[in-house]
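Asks: Got a predicted structure plus its sequence, pasted below:
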Amino acid sequence: MKPDDQAPRDATGGAAPEPGKAPHVDESVRRIGKSGRDTAKSALDTGRALRRLISADFALARSATGRAMAWVAIGVVFGASAWLLLMGALIVLLQRIDGISWLASFTITALVSLVVTGLAGWRASVFFDYAGMHASRRQLQRLGLFSEDDEDDEESSAAKGTQPPMPSEAAGPQRDGLAGPKPPGTEAP
């Protein structure tokens, strides 16, 4: 056997340097390049897996939403018919037991229905407000990717005959197009 065949090998297949001795520059560059390619391949594979996961989640959500809407429709039909029957029974009960007139019985059940409707409408508006994705909008605004005032700014500037400033002009002294304070030590000279 040759002495080269017995030399220890490193993970990249090249000869491992002797202990206490740094590898040659070309070997270091080769290792860095391989690490960079491995990192890029891993990031690309992660991105593909994330895209597949998001696609599967949206497909599941579409399917589940359709089925949920069908069951909600069934629930509304049977719930409404049950509510009507319950109110009819309450009208008859009020008229028979307490001797309340038919008009008063109808009025009492109508008020009960209006109170429940008001409560349901109020709760629905609260949950629709939760669905507004306010936290995501705040984060996107902090990143400068989304602004709820964009349409208003364009309309007001068109009415005034002015154009909004370009990002490089709006950036001010930073001149990097990014808004907001800079971390210490990163200011431009």
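Replies: Noted; the coordinates are in hand.

Asks: And residue 44, how far from residue 92?
Replies: Per C-beta to C-beta, to the nearest Å, residue 44 is found 71 Å from residue 92. In short, each C-beta sits where N, CA and C put it, glycine included.

Asks: Oops, could you answer that again for residue 27 instead?
Replies: 95 Å.

Asks: Repeat that for residue 111.
Replies: Residue 111 is 17 Å from residue 92, by C-beta to C-beta.

Asks: and what of residue 70?
Replies: 34 Å.

Asks: Residue 144 too?
Replies: Taking C-beta to C-beta, one finds residue 144 at 65 Å from residue 92.

Asks: Also residue 120?
Replies: 25 Å.

Asks: max-length helix in this structure?
Replies: Criterion DSSP state H: the longest helix present in the chain is helix 25-97.

Asks: Count residues in the vicinity of residue 28, would you?
Replies: The tally of other residues near residue 28 (other C-beta atoms under 10 Å) stands at 12.

Asks: What angle do helix 25-97 and the helix or strand harbouring residue 103 make with each other?
Replies: Element membership for residue 103 (DSSP states H and E) is helix 102-130. Here helix 102-130 runs at an angle of 170 degrees relative to helix 25-97 (axes from the mean of the first three to the mean of the last three C-alpha atoms, to 10 degrees).

Asks: Quick check: what element follows helix 102-130 along the chain?
Replies: According to DSSP H and E, the helix or strand after helix 102-130 is helix 134-143.

Asks: For residue 108, give me its contacts.
Replies: Residue 108 sits next to 90, 94, 100 when contact means C-beta atoms under 8 Å, 6 or more residues apart in numbering.

Asks: go with 7 Å
Replies: residue 94 (C-beta atoms under 7 Å, 6 or more residues apart in numbering).

Asks: residue ranges with poor pLDDT in the chain?
Replies: 1-18, 148-189 (pLDDT under 70).

Asks: again, only using 80
Replies: Of all residues in the chain, those with pLDDT under 80 make up the ranges 1-20, 98, 130-140, 142-143, 145-189.

Asks: gap between residue 34 and residue 42?
Replies: Taking C-beta to C-beta as the measure, residue 34 falls 12 Å from residue 42.

Asks: Please say which of these two ends up with more neighbours.
Replies: residue 34 (14 against 10).

Asks: From residue 107, how far out is the more buried one?
Replies: The gap separating residue 34 from residue 107 is 83 Å, by C-beta to C-beta.

Asks: same check, this time on residue 131
Replies: 36 Å.

Asks: Which one's more surrounded, the two?
Replies: residue 107 (14 against 7).

Asks: Would you quantify the distance from the more buried one to residue 147?
Replies: 51 Å.

Asks: Residue 140 too?
Replies: For residue 140 relative to residue 147 (C-beta to C-beta), the value is 8 Å.

Asks: do residue 68 as well
Replies: The value you get for residue 68 to residue 147, if C-beta to C-beta is used, is 33 Å.
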